[in-house]
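# Take a look and give me a structure for this.
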Amino acid sequence: TSTTQRQTVAEGVYQALKRDILTLRHAPGVPLTEQELCDGYGASRAPIREACRRLQQEGLLTSIPYKGYFVSRVSIQEIRDCFDLRAMLESHALALAMSRARPEDLRRLEQLAASEYTYHDHDSYVDFLDRNLDFHMRVASLSGNARLVSTLRDLLSAMQRYFFLGLDLGDFGGEMRGEHEELVALMKTGHERDAVECLRRQIAASRDRILRALAVQGVGLPME
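Residues are numbered from 1 along each chain as shown. Sure, this is the predicted structure:
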């Protein structure tokens, strides 16, 4: 039906536009008119509006009457808030996962941990961050709490923009691989407190890496 076709087109536009926002092809703060989006994504206004509505709900787009859409800006405080929330959610998920993870689960995590990216290679950033998200979501899924997993996926997906900002400002591939391998090694020991402390330390290091890189490069993000 035409309704089903429009929904399919809207889903395709949504996925493509979201990826372009998360990978900074559409930078924070840039305007996006309906006509530009129609031309750029090969769709009519109805699916474009549906996709933009969903992205507004996720906080990636804002709409200003008579002016169009704008990619949501990124602020220092927002980055801090998101990392703070991530530490709370992911630490709880890991604690639950520690009692449920089987040897084969840990072997799969080991395989996912062994990935890096090529500095200044945009396509490798996309691949690396997909695998990075997969690693953290597989840890979370071992918690057995579907709502926690869903909430954490939404948060980490929205945070991909921050990781892209950080990756392009410094070569942290080896460092991030080492962090994942260290976490899996601690999960193997079964020592929950040590593993959770390691995870929280790594999340803080990720936050500080991004904020330090932004400061050094003089990327002028607003504080709030």
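
# Report the rounded mean pLDDT for stretch 88-97.
Average pLDDT, stretch 88-97: 97.

# If we go by neighbour counts, what in that stretch is buried?
Across stretch 88-97, burial judged by 16 or more other C-beta atoms under 10 Å covers 89-94, 96-97. C-beta here means a position set from N, CA and C on the backbone, and glycine is covered the same way.

# Okay, and the closest residue to residue 14 other than its chain neighbours sits in which element?
Closest residue to residue 14 apart from its sequence neighbours, by C-beta to C-beta, 6 or more residues apart in numbering: residue 51 at 3.9 Å. Per DSSP states H and E, residue 51 falls inside helix 45-57.

# what sits up against that helix?
Identification of contacts with helix 45-57 by C-beta atoms under 8 Å, 6 or more residues apart in numbering yields 6-7, 9-14, 17-18, 21, 34, 37-38, 41, 61-63, 69.

# what is the mean pLDDT for stretch 140-151?
Mean pLDDT, stretch 140-151: 97.

# Quick check: end-to-end length of that stretch?
One end of stretch 140-151 sits 10 Å from the other (C-alpha to C-alpha, to the nearest Å).

# returning to that earlier point: just the ones in strands from the buried residues of stretch 88-97, please.
Per DSSP state E, strands hold no members of these.

# Make a markdown table from these and add distance to residue 74 to it.
Formatted as a markdown table, the buried residues of stretch 88-97 follow (distance: C-beta to C-beta, whole Å):
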| residue | distance to residue 74 |
| --- | --- |
| 89 | 20 |
| 90 | 21 |
| 91 | 24 |
| 92 | 26 |
| 93 | 25 |
| 94 | 27 |
| 96 | 31 |
| 97 | 30 |
